[in-house]
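**Q** give me the fold of what follows.
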Amino acid sequence: MPLEFRDKLATLSGVVTVDEVEPLATWLRATPKARVSMRRCSHLHTGAFQAMLRFRPKVTAAPTDPPPAPTAAPLPTEAPPVGALPTIDGSAPLPAVPPGDPAAPAAPGEAPGAVGPGEPAPAPPAPGPPPAAAPAPGGGPGVAAGDAGRDGGVRPAALSVPLRIYNNSTIQGLAARAAEDFRRAGWPVEEVGNYPGGIIPTSTVYFRPGTNEEAAARALGEQFRLRVEPRFDGIQDASAGIIVIVTNDYERR
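**A** Numbers count the residues shown, from 1 in each chain. Have a look, this model is predicted:
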């Protein structure tokens, strides 16, 4: 059986499908200090994944075949000036300016990198235009093979993907507010800061294709109605994990 309960321990085995979502969620809701073993789990349905995020049980055993953790470089300490910065929506390119320059151009009603109370100001990733998402074989449009399962679920390894949230709006404290929304939904947030390196036209979740970040990014985007794209060149070498850049439209969601 893919789902077995014994006292306060649930054991997930093989392929956990939609049929196991309701029993798992009901058991997690009714069981304080629940523990879950995923040692023999090879696939987790999206609904079961969201139930795990909602109730946050202690995972006593990870899957035996998670995807390898990629080597990641730290965020750059300084973003060098670049040439004209094309916007994602195809509008006129922005002139080159050093990151953080108060004269940096902004869209009407939007000034990238507004710093809010309590928000740190780490060095942002280097600017650059994100490419369009491309289909990947085996996982449907834009989903990397190996991260998506037979019925649209995600692998359990996506549960541990960290988030880094950056503000690209005129709203002070927006990144901290978004980070709190994600934490309440069970997502692990590791960093909150600002992205002043260029204009991002809509709040977007970025991932590295071919890693377990992709399935988790798509689950996050679906949950919060955010656009999901592969990382663009300017943040390609940033630390491992999902990068979320929030703009003024996040406030209106």
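**Q** tell me which element S42 is part of?
**A** S42 is part of strand 35-44, with elements assigned from DSSP states H and E.
**Q** show me the contacts for the closest residue to A10 other than its chain neighbours.
**A** Of all residues not flanking A10 in the chain, V36 sits nearest, at 4.9 Å (CB to CB, 6 or more residues apart in numbering). For glycine as for every other residue, the C-beta is placed from the backbone atoms N, C-alpha and C. Residues in contact with V36 (CB atoms under 8 Å, 6 or more residues apart in numbering) are 9-12, 52, 57-60.
**Q** mind putting those residues into CSV with pLDDT and distance to L28?
**A** Shown next, in CSV, are the contacts of V36 (pLDDT from 0 to 100; distance: CB to CB, whole Å):
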residue, pLDDT, distance to L28
L9, 91, 12
A10, 90, 8
T11, 91, 13
L12, 85, 12
M52, 82, 8
P57, 89, 6
K58, 86, 11
V59, 86, 12
T60, 86, 14
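**Q** which among the residues you listed count as buried?
**A** Buried subset of these (neighbour count, 16 or more other CB atoms under 10 Å): 10-12, 52, 57, 59.
**Q** what's the pLDDT at R6?
**A** At R6, the pLDDT value in this model is 88.
**Q** residues near it, how many?
**A** If you count neighbours by other CB atoms under 10 Å, R6 ends up with 9.
**Q** for P32, see how far away it is.
**A** R6 sits 16 Å away from P32, going by CB to CB, to the nearest Å.
**Q** return the closest of the buried ones among the contacts of V36 with respect to A179.
**A** M52 (19.9 Å; CB to CB).
**Q** that closest one belongs to a helix?
**A** Yes. Judged by DSSP: H, G, I helix; E, B strand; the rest coil, M52 forms part of a helix.
**Q** what packs against the lowest-mean-pLDDT helix or strand in the chain?
**A** Scoring the helices and strands of the chain by mean pLDDT, DSSP states H and E places helix 46-55 at the bottom, with a mean of 80. Other elements packing on helix 46-55 under the criterion 3 or more CB pairs under 8 Å, 6 or more residues apart in numbering; DSSP states H and E are helix 21-30, helix 213-224.
**Q** show me what counts as buried in it.
**A** 46-53, 55.
**Q** in TSV: those residues, plus distance to A25.
**A** Converted to TSV, the buried residues of helix 46-55 look like this (distance: CB to CB, whole Å):
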residue	distance to A25
T46	12
G47	8
A48	8
F49	11
Q50	9
A51	4
M52	9
L53	11
F55	8
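**Q** for those residues, which one is nearest T247?
**A** If you rank the buried residues of helix 46-55 by distance to T247 using CB to CB, L53 comes first, at 24.3 Å.
**Q** and the closest residue to that closest one other than its chain neighbours, which helix or strand is it part of?
**A** Among residues not flanking L53 along the chain, G186 sits closest, at 3.4 Å (CB to CB, 6+ apart). For G186, there is no host helix or strand (DSSP H and E).
**Q** what does A10 give?
**A** If you go by DSSP H and E, A10 is part of strand 9-16.
**Q** what's the angle from the helix or strand harbouring R177 to helix 213-224?
**A** R177 belongs to helix 174-184 when assigned by DSSP H and E. Counting by axes from the mean of the first three to the mean of the last three CA atoms, to 10 degrees, helix 174-184 lies at 100 degrees to helix 213-224.
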